[in-house]
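1. Below is the structure, and that's it, no one-letter string:
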């Protein structure tokens, strides 16, 4: 089963998609398997982060911006923040593989969240979820 989801991001956004993915897993009927989430964009990524403190999301984006700031000297010259977004996406990664056990995602509930990380935007975006 492959599900496509869409969202609209803000500039340098971190969107919590945990609930949508958990619902897809639940509705799939798969009891024991894997859930693969993929982002088909080169200036966005997926990550698992702390859900208890929303400040961590600002810290993640802030540190990535500190390490890979928007600059005009990138060889990729479409736009400066677009170039840095490509690098951030490559580092964080476009795919998550999660374990499904007893029909649920094996993540620390109320502690870990699954996030769509926007390193450019705002843009309409999509991601895909495969449960098997």
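-> Perfect, thanks for sending it. It should be emphasised that the depicted structure is a prediction, and the values quoted were computed from it without experimental measurement.
2. how close does residue 131 get to residue 107?
-> Distance, residue 131 to residue 107, using Cβ to Cβ, to the nearest Å: 14 Å. Quick note: C-beta positions are derived from backbone N, CA and C, even for glycine.
3. neighbours around the nearest residue to residue 112 once chain neighbours are set aside, how many?
-> Nearest non-adjacent residue to residue 112, counting by Cβ to Cβ, 6 or more residues apart in numbering: residue 48, 5.3 Å away. When neighbours are defined as other Cβ atoms under 10 Å, residue 48 has 15 of them.
4. For residue 89, list the residues it contacts.
-> Neighbour list for residue 89: 41, 42, 43, 44, 45, 119 [criterion: Cβ atoms under 8 Å, 6 or more residues apart in numbering].
5. mind putting those in a markdown table, distance to residue 21, pLDDT and secondary structure included?
-> Output for these, formatted as a markdown table (distance: Cβ to Cβ, whole Å; pLDDT from 0 to 100; DSSP: H, G, I helix; E, B strand; the rest coil):
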| residue | distance to residue 21 | pLDDT | secondary structure |
| --- | --- | --- | --- |
| 41 | 17 | 96 | coil |
| 42 | 21 | 93 | coil |
| 43 | 21 | 94 | coil |
| 44 | 16 | 97 | strand |
| 45 | 15 | 98 | strand |
| 119 | 20 | 94 | coil |
